[in-house]
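Engineer: compute the structure for the input listed below.
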Amino acid sequence: MHAFPLIRTCSLFMLLFACVPGFAADAPAEPAVKVDHSAAHANDDRPIFLTANNMSIATGQPSLVNMSHGSTHIPVWSLSGGTVGQSVCGIVNSLPRGCVAVRVEIVVITTDPTTSPEFSDVYRVHLSQLKENEPFTERYALGKTVQTTLPAAPLHSRSIVLESYYEVDPAAPLWVRIQREPGEPGDTFTRPTGLAVVKVIPLTSNPYKPRIVQDVAGYNSWPMTQAIGDKLVCTYSRGSAHSIGEDARGVYARTSTDGGKTWTAETVVAETPGYGEVTVGKGLDSQGAMLLWVRRIGKEWNHDLYRSTDGTSFTRIATPKLEVQPMQITDVFSVPDVGLMSLWFAGNYSDKAVHLWGVMTSSDDGVTWQQKTIESGLTKDQWPTEPAAVYLGDGKILGIARTETGPTQFQLTSTDYGKTWTRERTNIGDIHASTPSLILDPATGLLSNYYYQRGRGLLRGRVVDPDVVFNHPTGWPESQVISVASKIAWDSGNANATVINDKHYISFYSGQAPNTHVMVTEVPAPTDDK
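Structural biologist: Residues are numbered from 1 along each chain as shown. Sure thing, here's the model as predicted:
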């Protein structure tokens, strides 16, 4: 593989954003997408640009063509909208000293007059570091597919973030391969697009460092975190392995009044002999007390609801007998004129059409519950699991759910206080069995979606005005990396978030079986100027 010279000036890159009227070209073009770079870790060094001439064919038969207008000629790689397996690659020979990770963006253009926001295309990046005495596959990372909508008119460029955080060794060359994915259902534009520039942005700041909640021996996992006033309460389950039904598994709690820097001694929430118990949902009742759903599995399958006013002592207030036994009942939130609401899902994770989901409501602060099925007879790829939801006002509810098969999280919306719902796919694809957790900030109206990308060890967050995505679920902005933890796929994950004043607290677990620990990361709440 040849090393290509690096372009460290932005003249050509800026030219692509000039949107010159009357552009004509041998290959396609597209509009700029505004990207929010405001999360925890802004760009820390000058971008490194790979132009089309700095790249070569990796797979398939993409074409290197000139996009021309008058005396201006810009080379682009023409990537087919109908042929699967076309990609190009290039090498970044060196990264700045102190670089801990990189962010990768591409600039694509279409000149086809049929371009329209009704269409979308899909890309992904392949990344690997070529380090001496290591196989080039050792540091390989397959980026998730990224779907974006096309512009309303030709000749516009788009900047698309394909990877927001890839950890690097700054002394090793970085291999970058860009691939269009016309075989993905989200790539509905059948015409070619032009890849003009790859932008590699060195990052020299580490993400937020998580704080340890519990790290005693055992499989400490699946935390649920809730604020009671200014007190942070973290509940979690501990057993001997990644197993929900073992008798050794119980539920415990610790509290903090300094943002997770220090924690009180562990107290027992539930430790029923003959049963395995796992935290599955949390929230507040109308009096401000914490509610906690605990799944209890033994000779019977139950969901117990506990209540606490101090985060230390918990009282079981309900074990509802339901027509459909949920796999989980998730976070509790309030809906005017309804009361408390939780979403639930049920099924067996098989490939048969036996999966379902719905809502539960309580008008007496959780003492009794009514269950309603929203969808049933779903195949696994249609099944929204482990959902989180928030009430937006005017009868509108927005939820985000995990997917068991990919490629993206689900969005669940209701406009009638939860009576009827719509389920759609989002563009949130940097996931792997990623449980979402939502926070709606009343002061700004901004919605934060936190989730853990298993296998990459990345706690991610996306912030949006919910009005932007309520009817446009593929309009979520790019994610930002909040924290970095264990890359072991099932020994880490399950984000759950809460808010105290102007800080968000996101808990998750991390480690390697048989010992994992519960963590919490503190991040500033998003503000209007971001």
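Engineer: tell me what Tyr219 is bridged to.
Structural biologist: Per DSSP bridges, the residues bridged to Tyr219 are Gly239, Thr516.
Engineer: list the contacts for it?
Structural biologist: 238-243, 513-516 (Cβ atoms under 8 Å, 6 or more residues apart in numbering). Where you see a C-beta, it was placed from the backbone N, CA and C, and this is true even at glycine.
Engineer: same check on Pro526?
Structural biologist: 441, 444, 446, 448, 463.
Engineer: measure the closest residue to Ser286 other than its chain neighbours to Ile397 for me?
Structural biologist: Nearest non-adjacent residue to Ser286, counting by Cβ to Cβ, 6 or more residues apart in numbering: Asp365, 5.6 Å away. Here Asp365 is placed at a distance of 19 Å from Ile397 (Cβ to Cβ, to the nearest Å).
Engineer: looking at the two, which one has more neighbours?
Structural biologist: Neighbour comparison, Asp365 and Ile397: the larger count goes to Ile397, with 24 against 17 (by other Cβ atoms under 10 Å).
Engineer: residues near Pro247, how many?
Structural biologist: Residue 247: Asp, not Pro. 16.
Engineer: same deal with the one 3 residues further on?
Structural biologist: Other residues lying near Gly250 total 20 when counted by other Cβ under 10 Å.
Engineer: can you pull the contacts of the residue nearest to it when sequence neighbours are not counted?
Structural biologist: In space, and not counting its chain neighbours, Gly250 is closest to Glu271: 3.7 Å by Cβ to Cβ, 6+ apart. Residues in contact with Glu271 (Cβ under 8 Å, 6+ apart) are 250-251, 277.
Engineer: possible to save these as a markdown table with pLDDT?
Structural biologist: Listed next are the contacts of Glu271 as a markdown table, based on pLDDT from 0 to 100:
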| residue | pLDDT |
| --- | --- |
| Gly250 | 97 |
| Val251 | 98 |
| Glu277 | 98 |
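Engineer: tell me which of these fall in strands.
Structural biologist: 250-251, 277 (DSSP state E).
Engineer: quick check, nearest of those to Arg46?
Structural biologist: Distances from Arg46 to the ones in strands among the contacts of Glu271, taken as Cβ to Cβ, are shortest for Val251 (49.5 Å).
Engineer: surely the closest one is in contact with Val280?
Structural biologist: No - contact criterion Cβ atoms under 8 Å: Val251 and Val280 do not qualify, at 9.9 Å.
Engineer: in terms of neighbours, single out the busier of those two.
Structural biologist: A side-by-side neighbour count of Val251 and Val280, using other Cβ under 10 Å, places Val251 first with 27 against 24.
Engineer: please report the distance of the more buried one from Val216.
Structural biologist: 15 Å.
Engineer: same question, Asp258
Structural biologist: Going from Asp258 to Val216 by Cβ to Cβ gives 21 Å.
Engineer: for Met67, same thing?
Structural biologist: Distance from Met67 to Val216, by Cβ to Cβ: 61 Å.
Engineer: more crowded one of these two?
Structural biologist: Each of Met67 and Val216 has its neighbours counted (other Cβ under 10 Å); Met67 has more, 24 against 11.
Engineer: quick check: that one touching Ile74?
Structural biologist: Yes - judged on Cβ under 8 Å, Met67 makes contact with Ile74 at a distance of 4.6 Å.
Engineer: can you work out which residues contact both of those two?
Structural biologist: Contacts common to Met67 and Ile74, judged by Cβ under 8 Å, 6+ apart, are Ala196.
Engineer: which residues touch the closest residue in space to Tyr275 that isn't next to it in sequence?
Structural biologist: The shortest distance from Tyr275 to any non-neighbouring residue, by Cβ to Cβ, 6+ apart, is to Gly298 (3.6 Å). Counting by Cβ under 8 Å, 6+ apart, Gly298 touches 245, 247, 272, 274-276.
Engineer: what of Ala265?
Structural biologist: By Cβ under 8 Å, 6+ apart, the contact set of Ala265 is Arg254.
Engineer: in three-state terms, label it for me.
Structural biologist: coil (DSSP: H, G, I helix; E, B strand; the rest coil).
Engineer: count the neighbours of Glu323 for me.
Structural biologist: Glu323 has 7 nearby residues by other Cβ under 10 Å.
Engineer: looking at it, it is touching Gln371, isn't it?
Structural biologist: Yes - counting by Cβ under 8 Å, Gln371 is a contact partner of Glu323 at 6.2 Å.
Engineer: quick one: the strands in the stretch 101-250 of the chain, in order.
Structural biologist: 101-109, 120-129, 141-142, 146-149, 157-167, 174-180, 193-203, 211-214, 219-228, 231-239, 250-256 (DSSP state E, counting those that start in this stretch).
Engineer: Gly493: which of the ones you listed is closest?
Structural biologist: Closest of the strands of the stretch 101-250 of the chain to Gly493 is strand 219-228, at 8.5 Å (criterion: Cβ to Cβ).
Engineer: report the inter-axis angle for that closest one versus strand 231-239.
Structural biologist: Relative orientation of strand 219-228 versus strand 231-239 (axes from the mean of the first three to the mean of the last three Cα atoms, to 10 degrees): 160 degrees.
Engineer: let me know the average pLDDT across strand 219-228.
Structural biologist: Computed over strand 219-228, the mean pLDDT rounds to 98.
Engineer: and for stretch 55-74?
Structural biologist: Per-residue pLDDT over stretch 55-74 has a mean of 89.
Engineer: ok, back up a step: what is the nearest of the contacts of Pro526 to Asn348?
Structural biologist: Once Cβ to Cβ is applied, the member of the contacts of Pro526 that ends up nearest Asn348 is Ser448, at 32.0 Å.
Engineer: the closest one is in what secondary structure piece?
Structural biologist: Ser448 is part of strand 447-453, with elements assigned from DSSP states H and E.
Engineer: now the helix or strand that comes right after that strand against strand 157-167, angle please.
Structural biologist: Stepping forward along the backbone from strand 447-453, the first helix or strand reached (DSSP H and E) is strand 458-464. Strand 458-464 runs at 150 degrees relative to strand 157-167, counting by the same axes, to 10 degrees.
Engineer: strand 458-464 pairs with which strands, parallel or anti?
Structural biologist: Strands that pair with strand 458-464, judged by DSSP bridges, come out as strand 447-453 (antiparallel), strand 480-484 (antiparallel).
Engineer: contacts for the helix or strand following that strand?
Structural biologist: Where DSSP H and E defines the elements, the next helix or strand beyond strand 458-464 is helix 466-469. Helix 466-469 has contacts (Cβ under 8 Å, 6+ apart) with 390, 392, 398, 411, 426, 440, 445, 447, 475-476.
Engineer: give me the distance between helix 466-469 and the centre of its chain.
Structural biologist: Here helix 466-469 is found 17 Å from its chain centre; the criterion is Cα atoms, centre = their mean, to the nearest Å.
Engineer: how about Ser363, what does it touch?
Structural biologist: 338-340.
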